[in-house]
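Participant: Next one to model:
(chains A and B)
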Amino acid sequence: DAGVTQSPTHLIKTRGQQVTLRCSPKSGHDTVSWYQQALGQGPQFIFQYYEEEERQRGNFPDRFSGHQFPNYSSELNVNALLLGDSALYLCASSETGTGNYNEQFFGPGTRLTVL
Amino acid sequence: QQQVKQSPQSLIVQKGGISIINCAYENTAFDYFPWYQQFPGKGPALLIAIRPDVSEKKEGRFTISFNKSAKQFSLHIMDSQPGDSATYFCAARKETSGSRLTFGEGTQLTVNP
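Facilitator: This is a model prediction of the structure:
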């Protein structure tokens, strides 16, 4: 089992550009959540996808959007990048309805740097 | 609004000592409290978790103590080892929010040999 995988590992963009980050969930998991982790901070919830729909959303602007595919993989898109978007973006997957409080497994993250 | 507050920000202990990290929460709707361990360049990994209907949970050298009335919980690492050096995050989840987690700010633990 490969666990949660994310690509790319690192990414450098300039202000105003758009970026797409990708996530493959752990085998058997159907729910994907995205988090933003600024340097020295705890992860902040961006949104969660289940059955190809956004189910929950944190306090992030509409520049942040996502998608979930039929194979449960997911993308995070950020438009009009700002310097403040520089962070580690974490994907977490879980299995809905197993009674285990939806334990989340995190990927290694994508380090985004906006210049 | 910071719903989960964590302290200290950093902690240095000697090998064999006890590491204690504290968290406080505001929202009484939280029903699940996990602790995550994160090494540099890695994503957070679940260490141990507790529900509010128990006051303590122990797994190996790691223990969570939970005080529902004070809305506080803590992580105790017994016999701390240099390999425990990492950043630790407490988190909380509401039953109605699916798997969405609210994290504390993190504690950078250094265990000296």
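
Participant: which parts of chain A sit against chain B?
Facilitator: Selection of chain A residues close to chain B by CB under 8 Å from any CB of the partner chain yields A:4, A:31, A:33, A:35, A:40-45, A:48, A:50, A:55-56, A:58, A:90, A:92, A:94, A:96, A:101-109. The way it works is simple: take the backbone N, C-alpha and C, and place the C-beta from them, glycine included.

Participant: residues touching the residue nearest the centre of chain A, list them.
Facilitator: Nearest residue to the geometric centre of chain A (CA atoms, centre = their mean): A:Trp34, 2.9 Å. Counting by CB atoms under 8 Å, 6 or more residues apart in numbering or on different chains, A:Trp34 touches A:Cys23, A:Phe45, A:Ile46, A:Phe47, A:Gln48, A:Gly66, A:Ser74, A:Leu76, A:Tyr89, A:Leu90, A:Cys91, A:Ala92.

Participant: so it sits in a strand?
Facilitator: Yes: membership of A:Trp34 in a strand is supported by DSSP: H, G, I helix; E, B strand; the rest coil.

Participant: and residue 90, what does it touch?
Facilitator: Since you didn't name a chain, this refers to chain A. Counted by CB under 8 Å, 6+ apart, A:Leu90 has contacts A:Gln6, A:Trp34, A:Tyr35, A:Gln36, A:Gln37, A:Pro43, A:Phe106, A:Gly107, A:Gly109, B:Gly43, B:Pro44.

Participant: You answered for a different chain; I wanted chain B.
Facilitator: Neighbour list for B:Cys90: B:Val4, B:Gln6, B:Ile21, B:Cys23, B:Phe33, B:Pro34, B:Trp35, B:Tyr36, B:Phe73, B:Leu75, B:Phe103, B:Gly104 [criterion: CB under 8 Å, 6+ apart].

Participant: Tell me, please, where in chain A the pLDDT is lower than the cut-off.
Facilitator: Regions of chain A meeting the criterion pLDDT under 70 cover residues A:1, A:97-102.

Participant: need the helices for it, in chain order.
Facilitator: Counting by DSSP state H, chain A forms no helices at all.

Participant: follow-up on the earlier one: now tabulate the contacts of A:Leu90 in CSV and tack on distance to B:Thr110.
Facilitator: What follows is the contacts of A:Leu90, written out as CSV (distance: CB to CB, whole Å):
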residue, distance to B:Thr110
A:Gln6, 28
A:Trp34, 30
A:Tyr35, 25
A:Gln36, 26
A:Gln37, 20
A:Pro43, 21
A:Phe106, 22
A:Gly107, 26
A:Gly109, 22
B:Gly43, 21
B:Pro44, 18
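
Participant: Thank you, goodbye.
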